[in-house]
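Novice: Need a 3D model of the following:
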Amino acid sequence: MIDSIFNLDLPILAKTVGYLGIFLITFAESGLFFGFFLPGDTLLFTAGLLASQNYFDISLLVVLIVCGAILGDQVGYIFGKKIGPKIFNRDDSLFFKKRYIADAENFYKKHGKKTIILARFVPVIRTLVPILAGVGKMHYKTFVIYNVVGGLLWGAGITILGYFLGESIPNVDAYLIPILLCIIFVPMLPTLYSFIRGKIKKCMNQ
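Specialist: Presented below is the predicted three-dimensional model:
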């Protein structure tokens, strides 16, 4: 994800792919097995920022992003329910690491149903959680409810944040990289804290 910030010009990417491309990237990054390689939070924020500069219509952009996020998770759930167990038994490869699954499983166990919402804000975990929900045969109606709420909070929230900052801060483009880094790392802090706290407790009990 960090590499995607420095190796891709996200404003140029967003302008090039347009509405359809942003929808498809959001869809794939939300629930397709290979989607965790795609820019998620950073692209949404950048698209919102560009909307403040009249490159996109913010209303249409938010609708497409939220729909892509919700539909992506739905596909991830169905994929996990039907094919997931076979995939998760594979050996590590360029596009698949078993530690990703372990991280997502631990996140799911810790946060329960609300994982569907919380995972939206954590790269990699975001892509794998709906698949794990399908593998675990989470009640479909429950999944749909949490999926819609998460899609709205994440898809609309980050996009509108980009739009709001673009409207409020002169030359916000100059601060794009630090802002994107904060968007990536800040949501990870609670998970990192829980991990470190668990390691400390484990060491103290030995």
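Novice: Only the buried residues of the longest helix belonging to the chain, if you could.
Specialist: Under DSSP state H, the helix in the chain containing the largest number of residues is helix 58-82. Residues 58, 61-62, 64-66, 68-81 are the ones in helix 58-82 that count as buried (16 or more other C-beta atoms under 10 Å). No exception for glycine: its C-beta is placed from N, CA and C like everyone else's.
Novice: and if you look at stretch 36-49?
Specialist: For stretch 36-49, by 16+ other C-beta under 10 Å, it's 36, 38-49.
Novice: could those residues go into JSON lines alongside secondary structure, pLDDT and distance to residue 134?
Specialist: Formatted as JSON lines, the buried residues of stretch 36-49 follow (DSSP: H, G, I helix; E, B strand; the rest coil; pLDDT from 0 to 100; distance: C-beta to C-beta, whole Å):
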{"residue": "36", "secondary structure": "helix", "pLDDT": "72", "distance to residue 134": "16"}
{"residue": "38", "secondary structure": "coil", "pLDDT": "81", "distance to residue 134": "20"}
{"residue": "39", "secondary structure": "coil", "pLDDT": "78", "distance to residue 134": "24"}
{"residue": "40", "secondary structure": "coil", "pLDDT": "80", "distance to residue 134": "20"}
{"residue": "41", "secondary structure": "helix", "pLDDT": "85", "distance to residue 134": "23"}
{"residue": "42", "secondary structure": "helix", "pLDDT": "85", "distance to residue 134": "26"}
{"residue": "43", "secondary structure": "helix", "pLDDT": "89", "distance to residue 134": "25"}
{"residue": "44", "secondary structure": "helix", "pLDDT": "92", "distance to residue 134": "24"}
{"residue": "45", "secondary structure": "helix", "pLDDT": "89", "distance to residue 134": "28"}
{"residue": "46", "secondary structure": "helix", "pLDDT": "89", "distance to residue 134": "30"}
{"residue": "47", "secondary structure": "helix", "pLDDT": "93", "distance to residue 134": "28"}
{"residue": "48", "secondary structure": "helix", "pLDDT": "92", "distance to residue 134": "30"}
{"residue": "49", "secondary structure": "helix", "pLDDT": "90", "distance to residue 134": "34"}
